[in-house]
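Chemist: Okay, structure incoming, though there's no sequence with it:
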DNA sequence: ACCTTTCTCCCCCAAAAGTGCTATTGATAG
DNA sequence: CTATCAATAGCACTTTTGGGGGAGAAAGGT
């Protein structure tokens, strides 16, 4: 039996949802509210297993809502449910740990499906949403990032990033400080930077190291 | 009409897939191979609209495959299709720009669905996969990361990351170099680091800046 | 055999960075 | 009113860095 809690400021839509879900033998709507101002108390009180959460609501919206819920009750599944589909909000929800993301144009059947799905550990989302999520992975992709650094140069740069001084790097690799200097000179030239700080920043931004 | 190209080293499975897809009125299997060694030539030759790509194949596997395809033909949709479901491979594929990710236990009907779906710009994946993808978003979440840096200290640190010298920072904010030094001293202490390189690395890793 | 790259090392020298102090001012919280 | 904090600034002193050279040995490719 799934215990559903609904956050949706549009009264009519909320009623429709309640009606729809009540019609299912294995679902029980334990509550419905128009904003997330008291979400913590309400979840504690009603102990839902799945929350349907609209994003755009007066007072505290769904983004704050999902964050609060997931921080205090990470075991409760939260399903975002919205007309808005801008990437900003989407990502904000996902980062806060939302378990799924539905657009309001989703059919009733699919909503039921999604609830079943999320309750069994899945992460339902429309293919549209999924595409956008994957998109963000791609942009994150490592750019060619071929600076032509030699293996040794990479090693030296790595220790520089760790905050080692030239002397420490030299000791680490059993080479002279002069050699370390040479490597760093070459590194800076190849990276088109003028000092260590810039090199460190650039290397990390290019994800040469983690 | 979708033009499908299949990469799958298991002959029997490949035949089954071909048979399944050929049965559809709007799909045409333009080819099938057991590895990705010549994927570029093959795609150029056969110009598929959707590629079904197994991950584990002798020779060049699907991960190299999807990467090659997406680099040379970003407009071709690639649907990964595999028994393996470890996060490493999954992420590698997604980063390379795979358009969807199916597990082999997926039913024939769902495979057809997924192809239609990916061809119309969606990103089909099993809820299971979707869950894992969302998971990676969560772990990426910004941690409180409160070092107690003051606004001014943040500004100074920001320029340091850009590779500015103390002198340049001082000039930028119309303060004396000594003041910059003071700020940096405090910054290093608060961050528990001993020099600029380490501070830059730590700041970027904590995503204090991007 | 010749060339290039990589890794190694050296010198000089100036600039920059880091450490340890002190100290004044203005704003703010208690 | 007082204590704290942020921001400012200074000085002395040491260490570290960065930029300019040059140069030799080993490895790898043509």
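Modeler: In hand now; what should we look at? For clarity, every value in this text was computed on a predicted model and none was experimentally measured.
Chemist: Residue numbers of chain A in contact with DNA strand C?
Modeler: Residues of chain A lying close to DNA strand C (C-beta under 7 Å from any atom of the strand) are A:148, A:150-153, A:173, A:175-176, A:178-179, A:181-183, A:195, A:197. C-beta coordinates here come from the backbone N, C-alpha and C atoms, glycine included.
Chemist: Which ones, among those, also lie beside chain B?
Modeler: The subset of these within reach of chain B, by C-beta under 8 Å from any C-beta of the partner chain, is A:195, A:197.
Chemist: shaky segments in chain A?
Modeler: Applying pLDDT under 70 to chain A flags the ranges A:85, A:138-145.
Chemist: could you redo the last one with a cut-off of 90?
Modeler: Where chain A drops to pLDDT under 90, the residues are A:1, A:55-64, A:67, A:71, A:81-98, A:100-110, A:113-114, A:117, A:120-148, A:206-210.
Chemist: Enumerate the residues of it near DNA strand D.
Modeler: Chain A comes close to DNA strand D at residues A:165, A:166, A:167, A:181, A:182, A:184, A:185, A:188, A:194, A:195, A:196, A:197, as judged by C-beta under 7 Å from any atom of the strand.
Chemist: do that again at 6 Å, thanks
Modeler: Counting by C-beta under 6 Å from any atom of the strand, chain A comes close to DNA strand D at A:165, A:166, A:167, A:181, A:182, A:184, A:185, A:188, A:194, A:195, A:196.
Chemist: I'd like to know which of those are buried.
Modeler: Burial by neighbour count, 16 or more other C-beta atoms under 10 Å in any protein chain shown: within the residues of chain A next to DNA strand D this picks out A:166, A:184, A:188, A:196.
Chemist: following the longest helix along chain A, which helix or strand shows up next?
Modeler: Criterion DSSP state H: the longest helix present in chain A is helix A:177-191. The first helix or strand that comes after helix A:177-191 along the chain, using DSSP states H and E, is helix A:196-205.
Chemist: Apart from its neighbours in sequence, what residue is nearest residue A:4?
Modeler: residue A:29 (5.0 Å; C-beta to C-beta, 6 or more residues apart in numbering or on different chains).
Chemist: and the residue nearest to the spatial centre of chain A, how far is that from residue A:180?
Modeler: The residue lying closest to the centre of chain A (C-alpha atoms, centre = their mean) is residue A:95, at 2.6 Å. Separation of residue A:95 from residue A:180 (C-beta to C-beta, to the nearest Å): 40 Å.
Chemist: What of residue A:164?
Modeler: Distance of residue A:164 to residue A:180, computed by C-beta to C-beta: 9 Å.
Chemist: cool, residue A:112 as well?
Modeler: 64 Å.
Chemist: Comparing these two, which residue is more hemmed in?
Modeler: With neighbours defined as other C-beta atoms under 10 Å in any protein chain shown, residue A:112 and residue A:180 compare such that residue A:180 has more, 24 against 16.
Chemist: what angle separates the host helix or strand of residue A:160 from helix B:196-205?
Modeler: Take DSSP H and E as the rule and residue A:160 turns out to sit in helix A:151-161. Put simply, helix A:151-161 runs at 80 degrees to helix B:196-205, going by axes from the mean of the first three to the mean of the last three C-alpha atoms, to 10 degrees.
Chemist: Check which helices and strands helix A:151-161 sits against.
Modeler: Helix A:151-161 sits against helix A:166-173, helix A:177-191, helix A:196-205, helix B:196-205, with contacts defined as 3 or more C-beta pairs under 8 Å, 6 or more residues apart in numbering or on different chains; DSSP states H and E.
Chemist: Buried residues of the third one, list them for me.
Modeler: Residues of helix A:196-205 classed as buried: A:196, A:197, A:198, A:199, A:200, A:201, A:202, A:203, A:204 (neighbour count, 16+ other C-beta under 10 Å).
Chemist: which of those lies closest to residue A:59?
Modeler: Proximity of those to residue A:59 (C-beta to C-beta) peaks at residue A:204, which lies at 39.7 Å.
Chemist: For the nearest residue to that closest one once chain neighbours are set aside, give me its contacts.
Modeler: Distances taken as C-beta to C-beta, 6+ apart place residue B:204 nearest to residue A:204, at 4.6 Å, with adjacent residues excluded. If you count contacts by C-beta atoms under 8 Å, 6 or more residues apart in numbering or on different chains, residue B:204 has them with A:200, A:201, A:204, A:205, B:161.
Chemist: what's the answer for residue A:6, then?
Modeler: A:14, A:17, A:18, A:29, A:31, A:32, A:33, A:51, A:52.
Chemist: what's the angle from the longest helix of chain A to helix A:166-173?
Modeler: 100 degrees.
Chemist: Nice, that's everything, thank you.
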